[in-house]
Structure formats: C-alpha cells, structure tokens
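Asker: give me a model of this one.
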Amino acid sequence: MGKKYIIFDLDGTLINSIERNRDKIVKIIGEVDEKKINTAKYILSTTSWMPLLKQLEIIFDHNQNIDFQNLKNRIYENLQTQALGEVKFFPWTIEKLKELSNNYKLFITTANSTRFAKEELKKVGIENLFEEIIWSENVLKWKEHIDLFKEKSLDENFCRHAIYVGDGQRDREIAMSQNITFIHIGNEQIDIYEIPDISEIDEILEEIKKL
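Answerer: Here you go, the predicted model:
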C-alpha cells in the first residue's frame, strides 16, 4: 500500500515546547487569579488537544466577568514574543523534514494557533515544506483536521495513503478513528510503530512500505 502523505503533530513531536508553553500559560492565568494555578496545570495537561479558548473557559468555570477572547490573545502574544530564539526542535528534525518532503506531502495538525505554529516553522525556514497547517482554535483537532487535509490532497483514499506521527493519546485516537497508520513518538512501547523522535523514522517507513 503506497503511502503519499505524512501528518505531523507539532508540540511534543517536532518541537520540544509543551512544558515551556504550559508554564507560561499557567503564569498568565495566575496573574488573573492565583487560585486557579493548580486547576490550570491539571486542565492544560489533560486536555492538550482542546482549543486554548475552551481550556480557559473550563479553568475559570465560564466566568462571564472574564474576557476569554482577550485572555487567549494575550497568551498567544506572550508565547510569540517569548518564543523568539527559543524554538527548540528535537534533534535532526529539521533535516529529516526536508528529506521527507522530497518523497511525501507533509501536513501539520496542532492545538496551537495557526499564526503561532507558522511562526515557529518560519523561524527555521521550513514552513513551505507543508501542504497545509491546521490548528484547533476554530476547528477541533479531530476528524475535521483530517477532512481538511483530504480536501487539500484531492485524494479520496487519503487516509489509506497517509501516516500520522504524534506523541499523545489524542494523536493515537485520531489516527485509529480514521484507519491511518500511526507512528508514536515516545517510549511507551504500546504501539506497533514507535520511535523516540523523527530522526529515526526511516526504518519505520521502510517497514510500512512492505505492507
């Protein structure tokens, strides 16, 4: 079965930024209400697939006295400003993405805002390697992202021809729900295809080609 597309999660898969971003978000939430710090840590760690706006609403119990849209924008602006010079891709990730783009069409699905995600990629000059970058601020990171990638590819058999690479349970669930071959970034030893980072993806791709 020929594979033509690779879908990548961003944070935790390509960029080592989850804890960095989470700490900064918690800090800003604490400035609004320090009693919400522990709640924020829990919600942010257990709902990483969820749009930030929805996470904030849960953390603050839908408090109508809080302008959630403004708070969300403030957080993204802070992350964008603080991220300058801090983007940390996993080892050999940039080089490997460039190699993969010669043989596959690449896509990104992320819980970040599109602007933030594209800026992260632009800083290292690889934003143009990707056919599409879809975020979950307006479109939930689930089947809807896959549908948009399928539409972009003009391939009715997109899911059969795709590989999904991610580090979280949500990524695994999305791939399984769409019958997309999943490669897990991590060391949980529960997936058929599992590697510590994408610099080691070549051997896995060769195995998949034989299917």
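
Asker: number of residues surrounding the spatially closest residue to Leu129 that is not a sequence neighbour?
Answerer: Nearest in space to Leu129, with sequence neighbours left out and distances taken as C-beta to C-beta, 6 or more residues apart in numbering, is Ser101 at 4.5 Å. (Each C-beta comes from the backbone N, C-alpha and C, glycine too.) Ser101 has 16 neighbouring residues, counting by other C-beta atoms under 10 Å.

Asker: okay, helices next: where are they in this protein?
Answerer: 18-32, 37-46, 52-59, 68-82, 93-100, 114-122, 143-153, 169-177, 201-209 (DSSP state H).

Asker: between those, which gets nearest to Ile133?
Answerer: Closest to Ile133 of the helices of the chain is helix 114-122 (C-beta to C-beta; 5.6 Å).

Asker: looking at the chain, name the residue that lies furthest from the middle.
Answerer: Centroid-distance maximum for the chain: Asn65 at 30.7 Å, with C-alpha atoms, centre = their mean.

Asker: doesn't Ala162 make contact with Lys4?
Answerer: Yes. Look at Lys4 against Ala162 with C-beta atoms under 8 Å: they come within range, at 7.4 Å.

Asker: need the contact list for Ser48.
Answerer: Neighbour list for Ser48: 11, 18, 111, 168, 170 [criterion: C-beta atoms under 8 Å, 6 or more residues apart in numbering].

Asker: dump those into CSV; add neighbour count as well.
Answerer: Shown next, in CSV, are the contacts of Ser48 (neighbours: other C-beta atoms under 10 Å):
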residue, neighbour count
Asp11, 22
Ile18, 18
Ala111, 24
Gly168, 19
Arg170, 18
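
Asker: rewinding a little: single out the most deeply packed of the helices of the chain.
Answerer: Ranked by mean neighbour count under mean count of other C-beta atoms under 10 Å, the helices of the chain are led by helix 52-59, which reaches a mean of 20.

Asker: contact partners of that helix?
Answerer: Residues outside helix 52-59 that contact it (C-beta under 8 Å, 6+ apart) are 25, 29, 36, 39-40, 43-44, 47, 66, 68-69, 71-72, 75-76, 111, 113, 137.

Asker: now the worst-scoring helix or strand of the chain on mean pLDDT, how far from the chain's geometric center?
Answerer: None of the helices or strands of the chain scores lower by mean pLDDT, DSSP states H and E than helix 114-122, at a mean of 78. Centroid displacement of helix 114-122 relative to its chain, using C-alpha atoms, centre = their mean, to the nearest Å, is 11 Å.

Asker: and the direction of that helix versus that of helix 68-82, what angle?
Answerer: Taking axes from the mean of the first three to the mean of the last three C-alpha atoms, to 10 degrees, one finds helix 114-122 and helix 68-82 inclined to each other by 10 degrees.

Asker: and helix 114-122, what does it pack onto?
Answerer: On a contact count with 3 or more C-beta pairs under 8 Å, 6 or more residues apart in numbering; DSSP states H and E, helix 114-122 meets helix 68-82, strand 105-110, strand 130-135.
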